[in-house]
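Asker: Attaching a predicted model along with its sequence, questions to come.
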Amino acid sequence: MIFLRKDEILAIHRRVIEEFGGSGGLRDEALLESALVAAENRRWYEQADVAVCAATYAYHLTQAHAFVDGNKRVAAVATEAFLMANGAGLQATDDELYELFMGIAAERIKRDEAEIWFRARTPAPPVSD
């Protein structure tokens, strides 16, 4: 499974701020690193599949508030990048994605609920490590 690196997330953040506006800057590097390692830990310790790892990225990158601005946007783009890198698609409308990330940010959607959401919308990719 291919996991996201910190430099890739920082590049995603720069891009979403340039494209959609907002304040740049990393607020807490440790929170970003913790959010990134969460998906890898779940893969290695729980044998999590791509849908669970995608939900983990979505949840932890949104909740970490590692950036001054753009945390939900970074989480959304990073999650889709992770899925694409691992040969998985995402069958969701923009409105569904918006509701998911807003729900996570508002703490209406918990990580296990995000896992169910991604499992229902992520066709299984070919198995690889």
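Answerer: Received it, and whenever you're ready, just let me know what you need.

Asker: State the mean pLDDT of the longest helix along the chain.
Answerer: What stands out as the longest helix in the chain, according to DSSP state H, is helix 29-46. Averaging pLDDT along helix 29-46 yields 96.

Asker: Show me what the next helix or strand after it is packed against.
Answerer: As assigned by DSSP states H and E, the chain's next helix or strand after helix 29-46 is helix 50-64. Applying 3 or more C-beta pairs under 8 Å, 6 or more residues apart in numbering; DSSP states H and E, we find helix 50-64 packed against helix 29-46, helix 71-85, helix 94-105, helix 111-121. For glycine as for every other residue, the C-beta is placed from the backbone atoms N, C-alpha and C.

Asker: Now render these as a markdown table, adding distance to M1 and mean neighbour count.
Answerer: As requested, the helices and strands packed on helix 50-64 are exported to a markdown table (distance: least, C-beta to C-beta, whole Å; neighbours: other C-beta atoms under 10 Å):
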| stretch | distance to M1 | mean neighbour count |
| --- | --- | --- |
| helix 29-46 | 6 | 16 |
| helix 71-85 | 9 | 21 |
| helix 94-105 | 22 | 16 |
| helix 111-121 | 14 | 18 |
